[in-house]
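1. pasting the sequence and the predicted model now:
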Amino acid sequence: MSPTEGLTVTHRRYVPHSHAHYGGDLVDGAYGLGLFGDVATELLIRTDADEGLFAGYSSVEFVAPVQAGDVIEATATLVRVGNRSREIDFEARVVCRAAPHRGPSAADVLDPPLVVTRARGTVVAPAR
Ligand SMILES: C/C=C/C(=O)SCCNC(=O)CCNC(=O)[C@H](O)C(C)(C)COP(=O)(O)OP(=O)(O)OC[C@H]1O[C@@H](n2cnc3c(N)ncnc32)[C@H](O)[C@@H]1OP(=O)(O)O
């Protein structure tokens with residue numbers, strides 16, 4: 001087992017209302033995949049001193065919708081180190097969500113966070 005297996009990186013960001021794409025202020029699923037690309041980039045910088053290139057996803061599940069106004073966090077966990085391939089588990093969770101029934105700027109912390117997307121993918125590092 002590689003000493004870097006199990007390493008986890010988390011990014012957190014606010015989902016701007018300009019990203020709402022579907023009815024009900026929903027955000028497209030690709031938004032979450034964009035977060036996964038960024039968090040995988042930091043993971044590869046930490047393991048390989050290089051951003052790497054995303055080769056593909058073996059699975060993606062959209063478990064619950066993401067809404068404009070959410071605060072979302074994306075986690076990447078390194079699960080397998082190949083020669084140049086790095087297999088990564090991803091999870092995105094909503095940690096804060098708007099509460100429009102209380103007013104236009106009202107929002108709550110979600111405890112526990114709401115899991116919205118899970119995925120597994122492979123990023124490829126350059127040959128050393
Ligand atoms: C961090 C996020 C970054 C991004 O989002 S970048 C934007 C999106 N991605 C891209 O534009 C990448 C486009 N694709 C490519 O440039 C190439 O395509 C790759 C560099 C990803 C791979 O090409 P090659 O270097 O020629 O691959 P190989 O020498 O055939 O394999 C190297 C290792 O990578 C594994 N691998 C290759 N393709 C896949 C795949 N599609 N799914 C899973 N694994 C893959 C292999 O098995 C092997 O692994 P082993 O070195 O550990 O033996």
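-> That came through, no problem.
2. surely residue 125 and residue 83 touch.
-> No - Residue 125 lies out of contact with residue 83 (CB atoms under 8 Å); the separation is 9.0 Å. Yep, even glycine has a C-beta here, placed from its N, CA and C like the rest.
3. please say which of these two ends up with more neighbours.
-> residue 125 (19 against 8; other CB atoms under 10 Å).
4. quick check, pLDDT for the more buried one.
-> At residue 125, the pLDDT value in this model is 98.
5. do you know how far residue 20 is from residue 66?
-> Going from residue 20 to residue 66 by CB to CB, to the nearest Å gives 10 Å.
6. intersection of neighbour lists for these two?
-> 26-27 (CB atoms under 8 Å, 6 or more residues apart in numbering).
7. of the two, who's got more company?
-> residue 66 (25 against 17).
8. OK, contacts around that one?
-> 15, 26-27, 31-32, 72, 92, 94, 116-117.
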